[in-house]
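[1] got a structure for you, letters missing:
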């Protein structure tokens, strides 16, 4: 069974020969291959070569690609700095006030910034391994893009002081994600992940998620599915137990589960209504853990999720500087457990 079929079968509630593996591993691969992050984030061929190389080297079932959190803001015209040894860094907020929103609505995000480069990288990966591996590109969801356009502090204040203006912005960023997703599905339709870290109950209350974000997630996910995406997921950091029911109600096919959420409890909350992904700690386990810790934590995770619809991986991005032996240990132990 190919990795692609293994992951698709989990979504389709069909049998698998072993638990599927899809760690959140993209930019961390570049240093393992002696590629600078500056080059990785600016050249389509480099990005795709790194992603495919990591898949070939470690043998997990799916690959994930991301431009980083600044992608949509840059595509809309924001200035971004690209260090040689880190991901892109936003240099300005385009919406210091809401007066510029009308102007931004006339910008085509599909042709701005590094979006065309990223789409080419995704297409390259699909051409190389898309018949055997699950390919999962990432876009930012409505709230995360809003914070990159206006700043997290202003957005949080707007939820209380100017909810109408914020709703206008969230409608705009929902449309940005939809436009990008409709274009991206032309080169890859396996799965799409929407990064929405600020939706975490560690950041906003469940009531705020229900009021401001859930209706837009429902609309966006339904429209993206109609555009041709097979599976659509949400990446929400932190302890998401308080909004599990809302995430399921959004229509998402899968949810990334942070290490803060006990895996057994996540399985119980999901009750097989949604696929869960994760949830080894990318820092204490992958980046700074010894191989023995990676092995023991992987074994425990396999036991805890054996009865659920679960894709084994990390709870968030595995950071650059991670030793490749830790990734190899994760794959080896997870395969043996299956």
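    Received it, and whenever you're ready, just let me know what you need. Computed from a predicted structure; not experimentally measured. Numbers count the residues shown, from 1 in each chain.
[2] Can you name every helix or strand that the longest helix along the chain contacts?
    The single longest helix within the chain, with elements called by DSSP state H, is helix 163-184. With contacts taken as 3 or more C-beta pairs under 8 Å, 6 or more residues apart in numbering; DSSP states H and E, helix 163-184 sits against helix 71-75, helix 101-104, helix 115-129, strand 134-140, helix 142-150, helix 152-161, strand 191-195, helix 214-227. Where you see a C-beta, it was placed from the backbone N, CA and C, and this is true even at glycine.
[3] which stretches of the chain have low pLDDT?
    Low-confidence segments of the chain (pLDDT under 70): 338.
[4] Report how many residues lie close to the nearest residue to residue 194 once chain neighbours are set aside.
    Leaving aside its sequence neighbours, residue 194 sits nearest to residue 141 (C-beta to C-beta, 6 or more residues apart in numbering; 3.9 Å). Counted with other C-beta atoms under 10 Å, the neighbours of residue 141 add up to 29.
[5] for residue 111, same thing?
    Neighbours around residue 111, by other C-beta under 10 Å: 10.
[6] Doesn't it belong to a helix?
    No: with DSSP: H, G, I helix; E, B strand; the rest coil as the criterion, residue 111 is coil rather than part of a helix.
[7] Next up, the contacts around it.
    residue 75 (C-beta atoms under 8 Å, 6 or more residues apart in numbering).
[8] Please report how far it lies from residue 43.
    Remark: distance between residue 111 and residue 43 (C-beta to C-beta, to the nearest Å) = 18 Å.
[9] can you tell which of the helices and strands packed on helix 163-184 is closest to residue 318?
    strand 134-140 (13.9 Å; C-beta to C-beta).
[10] Mean neighbour count and distance to residue 272 for the helices and strands packed on helix 163-184 - can I get that in a markdown table?
    Formatted as a markdown table, these follow (neighbours: other C-beta atoms under 10 Å; distance: least, C-beta to C-beta, whole Å):
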| stretch | mean neighbour count | distance to residue 272 |
| --- | --- | --- |
| helix 71-75 | 26 | 33 |
| helix 101-104 | 14 | 41 |
| helix 115-129 | 20 | 29 |
| strand 134-140 | 26 | 20 |
| helix 142-150 | 27 | 27 |
| helix 152-161 | 15 | 33 |
| strand 191-195 | 25 | 19 |
| helix 214-227 | 18 | 19 |
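[11] Can I get those in JSON lines including distance to residue 60?
    Below are those laid out as JSON lines (distance: least, C-beta to C-beta, whole Å):
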{"stretch": "helix 71-75", "distance to residue 60": "24"}
{"stretch": "helix 101-104", "distance to residue 60": "38"}
{"stretch": "helix 115-129", "distance to residue 60": "11"}
{"stretch": "strand 134-140", "distance to residue 60": "9"}
{"stretch": "helix 142-150", "distance to residue 60": "25"}
{"stretch": "helix 152-161", "distance to residue 60": "32"}
{"stretch": "strand 191-195", "distance to residue 60": "14"}
{"stretch": "helix 214-227", "distance to residue 60": "25"}
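[12] For residue 4, find the nearest of these.
    Closest among the helices and strands packed on helix 163-184, using C-beta to C-beta: strand 134-140, at 5.1 Å.
[13] Which elements pack onto that closest one?
    Using 3+ C-beta pairs under 8 Å, 6+ apart, strand 134-140 is in contact with helix 3-11, strand 62-65, helix 71-75, helix 115-129, helix 163-184, strand 191-195.
[14] Need those in TSV (columns: distance to residue 255).
    Converted to TSV, the helices and strands packed on strand 134-140 look like this (distance: least, C-beta to C-beta, whole Å):
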stretch	distance to residue 255
helix 3-11	12
strand 62-65	15
helix 71-75	21
helix 115-129	22
helix 163-184	17
strand 191-195	10
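[15] Looking at those, spot the one closest to residue 35.
    Among these, helix 115-129 sits nearest to residue 35 (C-beta to C-beta), with 13.1 Å.
[16] ok, residue 282 to residue 84 distance?
    23 Å.
[17] before we move on, back to that, report the buried residues of the longest helix of the chain.
    Burial within helix 163-184, assessed by neighbour count using 16 or more other C-beta atoms under 10 Å, is assigned to 166-167, 169-170, 172-178, 180-184.
[18] For residue 72, state which of those residues is nearest.
    residue 176 (5.8 Å).
[19] What is the burial count for the nearest residue to that closest one once chain neighbours are set aside?
    Leaving aside its sequence neighbours, residue 176 sits nearest to residue 109 (C-beta to C-beta, 6+ apart; 5.1 Å). When neighbours are counted by other C-beta under 10 Å, residue 109 registers 24.
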